[in-house]
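Visitor: sequence plus the predicted model coming up.
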Amino acid sequence: MAAIELNERFFAKTVEVPAPAGYDLDTPCRIWIGSTVTNSCGMKYGKTRYGSKFILAHRLAAAARAGWTLEELRAATKLPVLHGCDRPLCVCHGRFGTQSENMLEMHARGRHRFSKKKEA
């Protein structure tokens, strides 16, 4: 099966905004403005249809950047997407990583209730 490709219809459901200050990012964020779902922690994520299945938009975009097929994406359900910009609706700064990496980034960026907050 071929690698996932994102089309104009996918990008039509995004809007470009500047990357947040304090993050080492070379590109602006593309924020999902299409359908969303809310997880159990109250975080909103974009949702889109790919073929006959609904998929979270940031996971689909990360898989496309990695050159994965749809089967590889389905097999990677346990791998979280690490958001380089800490914006759950951004579809351009995500990459797959381990849960350990996700927790280390969360503490380093002061996003855990027991973490020390980042200096502004």
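Guide: Yep, it's here. Numbering: from 1, shown residues only.
Visitor: now do the host helix or strand of residue 104: which elements does it pack against?
Guide: Using DSSP states H and E, residue 104 falls within helix 99-108. Packing contacts for helix 99-108, counted by 3 or more C-beta pairs under 8 Å, 6 or more residues apart in numbering; DSSP states H and E, involve strand 81-83. The way it works is simple: take the backbone N, C-alpha and C, and place the C-beta from them, glycine included.
Visitor: helices or strands up against the helix or strand just after the strand it packs on?
Guide: Once strand 81-83 ends, the next helix or strand along the chain (criterion: DSSP H and E) is strand 94-96. Counting contacts by 3+ C-beta pairs under 8 Å, 6+ apart, strand 94-96 packs against helix 57-66, strand 81-83.
Visitor: C-alpha coordinates for stretch 38-53, PDB please?
Guide: What follows is stretch 38-53, C-alpha atoms only, in PDB (Å, rounded to 0.1, in the frame of the first residue of the first chain):
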ATOM      1  CA  THR A  38     -12.500  16.100  23.100                       C
ATOM      2  CA  ASN A  39     -10.500  13.500  25.100                       C
ATOM      3  CA  SER A  40     -11.100  12.500  28.700                       C
ATOM      4  CA  CYS A  41      -8.700  15.300  29.900                       C
ATOM      5  CA  GLY A  42     -10.700  18.000  28.100                       C
ATOM      6  CA  MET A  43      -8.100  18.500  25.300                       C
ATOM      7  CA  LYS A  44      -9.500  19.100  21.800                       C
ATOM      8  CA  TYR A  45      -8.000  17.300  18.800                       C
ATOM      9  CA  GLY A  46      -8.800  17.500  15.100                       C
ATOM     10  CA  LYS A  47     -10.700  14.600  13.500                       C
ATOM     11  CA  THR A  48     -10.800  13.800   9.800                       C
ATOM     12  CA  ARG A  49     -11.900  11.000   7.500                       C
ATOM     13  CA  TYR A  50      -9.200   9.100   5.600                       C
ATOM     14  CA  GLY A  51     -10.700   6.500   3.300                       C
ATOM     15  CA  SER A  52     -13.600   5.100   5.200                       C
ATOM     16  CA  LYS A  53     -12.200   5.700   8.700                       C
END
